[in-house]
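K.L.:
prediction below, plus the sequence it came from.
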Amino acid sequence: MIVGITGGIGSGKSTVCLIFELFNIPVYNSDEKAKFLMNSSPNLMQNIQANFGVEMYVNGALDRSKLAAKVFSNPDALIQLNALVHPAVGRDFDEWQDQFDNTILLKEAAILIESGAHKKCDKIIVVDAPDELRLERVMARDQVSEKSVKDRMNRQLDREDRLKFADYIIDNSGAELIIPQVQKIISDLS
Ligand code: ATP
């Protein structure tokens, strides 16, 4: 069973996924894999250069800020980039999942729903925390400005819209312990 796990920036996806891993549930981190593939898949690298310019790579490494400047100022360019990256991640996920016999596999992605990847998941977990708390956590974690976090939040689904897709919600506002919530989901899915 493929279980998508998502949540807005700073909601605590990675933190929650670490707990699932402690319970021996394999986790595929789509965001990390996307970054990895953009720097290692010859096919994807070639396509990015063909669409956005050879200058997107410096000494074989992706210049993320240059690409971000290009795609975040132009919605069509972002759609174009996603059309290259998402299928590459989808193929990589298919290969990854073949190695496991586990009944539950987690697919973690910040934009699981925005990318349409949720359609290939059997169940969806949303990690949820209030916007203000997410903002504080990310500013502290990444040492970045309020504006840069808000810009990233604004490119993602609203909290309420994301929650509509949830089969399970993990409350990571601090009001509830995380481990019992994770255990409950695992026993429900098993
Ligand atoms: P991103 O979308 O940016 O990858 P994320 O959803 O994976 O973020 P995390 O990196 O897991 O979020 O959490 C954001 C920050 O908040 C981290 O510094 C993490 O340690 C902290 N954090 C997460 N959950 C809690 C919690 N329950 N209590 C306190 N801090 C927390």
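P.N.:
Looks like it arrived, so ask away.
K.L.:
around the ligand, pick out the residues from the protein.
P.N.:
7, 9-15, 110, 137-138, 141, 172, 174 (CB under 6 Å from any ligand atom). C-beta here means a position set from N, CA and C on the backbone, and glycine is covered the same way.
K.L.:
show me which of these are buried.
P.N.:
G7, I9, G10, S11, G12, K13, S14, A110, R137, V138, N172 (16 or more other CB atoms under 10 Å).
K.L.:
wait, what's in contact with the third one?
P.N.:
Going back to what we said before, that points to G10. By CB atoms under 8 Å, 6 or more residues apart in numbering, the contact set of G10 is A129, L133, R134, L135, R137, V138, R141, V149.
K.L.:
what's the offset of stretch 170-186 from the middle of its chain?
P.N.:
The chain centre lies 19 Å from the centre of stretch 170-186; the measure is CA atoms, centre = their mean, to the nearest Å.
K.L.:
other residues contacting that stretch?
P.N.:
For stretch 170-186, with CB under 8 Å, 6+ apart as the criterion, the contacting residues are 7, 11-12, 15-16, 19-20, 23, 25, 104, 125-130, 133, 168.
K.L.:
just those residues: which are in strands?
P.N.:
Of the contacts of stretch 170-186, the ones assigned to strands by DSSP state E are I125, V126, V127, D128, Y168.
K.L.:
hang on, isn't L163 packed against V127?
P.N.:
No: using CB atoms under 8 Å, L163 is not in contact with V127, being 10.6 Å away.
K.L.:
these two: which is more packed in?
P.N.:
Neighbours per residue (other CB atoms under 10 Å) separate L163 from V127, with V127 holding more: 26 against 13.
K.L.:
mind checking how far the residue nearest to the more buried one when sequence neighbours are not counted is from S173?
P.N.:
Once flanking residues are discounted, V127 sits nearest to G7: 3.4 Å by CB to CB, 6 or more residues apart in numbering. Separation of G7 from S173 (CB to CB, to the nearest Å): 12 Å.
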